[in-house]
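> A predicted structure for the sequence below; I have some questions about it.
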Amino acid sequence: MYIPVQSERWTDNWYMGVLAKKGTQRIVNGKWLEQDKALQLVSEQIVLISQGETTLSTTWEYRLDQTGAVLRVTEKRSSRPTPVVLVFRRAGTQ
């Protein structure tokens with residue numbers, strides 16, 4: 001999927017001082033790793049940073065546990081050596 005970039009705001013981490021390059025396209029592809037349990041999205045986008053222009057690639061993996069109560073989101077970015085892992089628990093579950 002090609003998404004036109006119409007704003008300089010880079011919404012993945014707006015506080016980092018990274019700007020999206022207006023007039024370019026963000027490319028996003030997704031696939032099921034495990035049907036209804038694990039989804040992978042891959043995004044590529046040209047961004048502007050203090051050193052100039054670069055292409056940033058980000059991979060997100062959304063994975064539900066066996067009970068469906070816990071969602072684990074893992075983000076791997078081409079500019080970062082370690083992934084960021086976020087864990088969400090469904091309200092009312094233990």
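Yep, that arrived. Just so it is clear, the model here is predicted, and its values are computed rather than measured.
> The helix or strand hosting Glu53 - contacts with which helices or strands?
Using DSSP states H and E, the element containing Glu53 is strand 52-64. Packed against strand 52-64 by the contact rule (3 or more CB pairs under 8 Å, 6 or more residues apart in numbering; DSSP states H and E) you find strand 25-34, strand 38-49, strand 70-77. Quick note: C-beta positions are derived from backbone N, CA and C, even for glycine.
> any chance of those in JSON lines, plus mean pLDDT and distance to Ser7?
Putting the helices and strands packed on strand 52-64 into JSON lines (pLDDT from 0 to 100; distance: least, CB to CB, whole Å) gives the following:
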{"stretch": "strand 25-34", "mean pLDDT": "95", "distance to Ser7": "11"}
{"stretch": "strand 38-49", "mean pLDDT": "94", "distance to Ser7": "12"}
{"stretch": "strand 70-77", "mean pLDDT": "94", "distance to Ser7": "20"}
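> Thr74 - nearest residue in space that isn't next to it in sequence?
In space, and not counting its chain neighbours, Thr74 is closest to Glu61: 4.6 Å by CB to CB, 6 or more residues apart in numbering.
> What separation is there between the one you found and Ile49?
The spacing between Glu61 and Ile49, counted by CB to CB, to the nearest Å, is 25 Å.
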